[in-house]
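1. This is the structure alone, sequence omitted:
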C-alpha cells in the first residue's frame with residue numbers, strides 16, 4: 001500500500017543511486033514500539049532512522065554520515081524536532097557489514113547525534129535535536 005510518504009533519502013554517484021536511508025515518524029515503525037531495547041524513551045514526537053543500504057563499492061567512504069545529515073534535513077523540513085537512531089556499537093573494532101544495517105554509532109556521532117540512552121551494551125539510542133531557524 002502506498003502511504004504517500006517518501007520511504008527515506010537516497011545518495012547518488014554519477015547520476016545513479018548508490019545508497020539509501022530509511023527515515024520517518026517513529027509511529028510508522030511498529031517494531032520499535034514492541035522492542036524492549038529500543039522502546040520509546042519519552043513522549044517527545046520523534047522521527048526515526050531505521051536502516052541503511054550502501055552499495056558495496058561505496059562503503060567506508062562516509063556515505064552513511066552524509067545520509068544521516070540528509071535524513072535530519074529531510075525530517076526537519078517535514079517538521080521534526082527530534083530525529084532518533086538505533087545504531088550498533090561493536091564490542092571490538094569492526095563487524096561484518098551485514099550486521100551494520102542500522103548504522104554504526106561512530107557514523108551517528110560524526111553526523112552530530114548524541115547518545116541519550118543505552119539499554120543494551122551494543123545498541124545505543126541516539127538523537128539529533130533539530131534547530132529551527
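-> Okay, I see it. Just so it is clear, the structure is predicted and the values come from calculations on it, not from any experiment. Numbering: from 1, shown residues only.

2. give the contact list for residue 83.
-> 23, 46-49, 71-72, 75-76, 113, 127-128, 130 (CB atoms under 8 Å, 6 or more residues apart in numbering). Quick note: C-beta positions are derived from backbone N, CA and C, even for glycine.

3. So it, which state does it fall into?
-> strand (DSSP: H, G, I helix; E, B strand; the rest coil).

4. What sits closest to the residue nearest to the spatial centre of the chain if chain neighbours are left out?
-> What sits nearest the mean C-alpha location of the chain, by CA atoms, centre = their mean, is residue 49, with 3.0 Å. The spatially closest residue to residue 49, leaving aside those adjacent along the chain, is residue 85, at 4.2 Å (CB to CB, 6 or more residues apart in numbering).

5. What's opposite the one you found in the beta bridge?
-> residue 49, residue 126 (DSSP bridges).

6. tell me the pLDDT at it?
-> In this model, residue 85 is scored at 96, pLDDT.

7. and it, how many neighbours does it have?
-> Using other CB atoms under 10 Å, residue 85 has 27 neighbouring residues.

8. residues contacting it?
-> Here residue 85 is in contact with 48, 49, 68, 102, 103, 108, 113, 125, 126, 127, 128 (CB under 8 Å, 6+ apart).

9. Distance of the first one relative to residue 62?
-> If you measure residue 48 against residue 62 using CB to CB, to the nearest Å, the figure is 22 Å.

10. Noted, bye for now.
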